[in-house]
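Peer 1: Pasting a predicted model and its sequence here:
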Amino acid sequence: MTLLRVRIDLAYDGTDFSGWAAQPGRRTVEGEVSSALTMLLRAPEPVRLTVAGRTDAGVHARGQVAHADVDQSLYAALPGRSDRSPEESARARLSGILPPDVVVRSVARAADGFDARFSAMMRRYSYRICDRPGLLDPLRRRDTVVLKEELDVDAMNAAAEHLVGLHDFAAFCKKREGATTVRTLLDYSWERAWDGTVVATVVADAFCHSMVRALVGSVVPVGLGRAEVGFPHQVLGARARDPRVRVMPAHGLCLEKVSYPADSGLAARAHEARATRSLDAKD
């Protein structure tokens, strides 16, 4: 059997999922997509997926990316007697199998060296908060966290900017055995959107478990006037979880985009990303 790697770009409403990763007895995004691919290809074994970001239960995605290694002959046969390409056939037919809270944007043959997880250069998340409950759009209640007190966006930006850069984010992560917590935070900023909500943009080369929601939770007390602007940076420096930092609710978080280098740099980026990072003693 000759394997072909395909890239799948997708979006989903995470409300009714127990996260991305397949779990016995639970409804997950990976489980739905894997089942749909297996059915589509009539594969003898479940199709396995590798994803750019393993989102937690309740977290949404507009720009998720995954890859799967599939039987090339089964993939080539997808158009049947139609004049569609296997890629367009796969996208259209998956749309007919998947539930309405998962949408496949595109299916494509992956370039040489592509790995949905390790080839990624950066991930961009958003986090939505409504701090003026009278302005809450009820149609967005599934992706917006409501606070009863108004936030100071300028103070939140002042606090967030001190977290940007290469750091050990152990204070903002759920530690996993053997995994590094060193990350490069490329952007962390807040703005008040046109609809009155307060929206964070958080960009990094990679994130560890619960990192974005903890970063948000460290800055919200500053916006509420309950902590000094320097509080999140103090937490960062301690490199230990702080009980004063709340991990914010999952439904306000959305994976917006995953970016990759040019095709010629995919393999090198994957090799680099697999290396365990650490900080020099001076950091």
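Peer 2: Structure's in. What do you need? Fair warning: this is a prediction, and the values are worked out from it, not measured in the lab.
Peer 1: Can you report how many residues neighbour the residue nearest to Gln23 when sequence neighbours are not counted?
Peer 2: Counting by CB to CB, 6 or more residues apart in numbering, Gln23 lies nearest to Gly31, which is 7.6 Å off, once chain neighbours are set aside. To be clear about C-beta, it is placed using only N, CA and C from the backbone, and glycine gets the same treatment. Close neighbours of Gly31, defined as other CB atoms under 10 Å, add up to 19.
Peer 1: ok but Gly31 is inside a strand, no?
Peer 2: No. Assessed with DSSP: H, G, I helix; E, B strand; the rest coil, Gly31 is helix; it does not lie in a strand.
Peer 1: domain assignment for the chain?
Peer 2: Per automatic domain parsing, the domain ranges recorded for the chain read 3-109, 122-263.
Peer 1: Ok, which of those comes nearest Leu279?
Peer 2: With CB to CB, the closest approach to Leu279 among these belongs to domain 122-263: 5.4 Å.
Peer 1: start to end distance for the closest one?
Peer 2: End-to-end distance for domain 122-263: 15 Å, by CA to CA, to the nearest Å.
Peer 1: now stretch 114-121
Peer 2: End-to-end for stretch 114-121, by CA to CA: 12 Å.
Peer 1: tell me the mean pLDDT over that stretch?
Peer 2: Summarised as a single mean, pLDDT over stretch 114-121 is 97.
Peer 1: going forward, begin numbering at 194 instead of 1
Peer 2: Yes, from this point I'll number from 194; that puts the last item at stretch 307-314.
Peer 1: Could you list the buried residues of it?
Peer 2: Phe307, Asp308, Ala309, Arg310, Phe311, Ser312, Ala313, Met314 (16 or more other CB atoms under 10 Å).
Peer 1: any idea how far Phe362 lies from Phe307?
Peer 2: 27 Å (CB to CB, to the nearest Å).
Peer 1: One more: Glu238?
Peer 2: 22 Å.
Peer 1: go on, Leu356?
Peer 2: 31 Å.
Peer 1: if we can go back for a sec, so which of the buried residues of stretch 307-314 comes closest to Asp380?
Peer 2: So of the buried residues of stretch 307-314, ranked by how close each gets to Asp380 (CB to CB), first place is Met314, at 13.2 Å.
Peer 1: bridging residues for the residue lying closest to the closest one once chain neighbours are set aside?
Peer 2: Excluding the flanking residues, the one nearest Met314 by CB to CB, 6+ apart is Ser452, at 5.0 Å. Ser452 forms beta bridges with Met315, as assigned by DSSP bridges.
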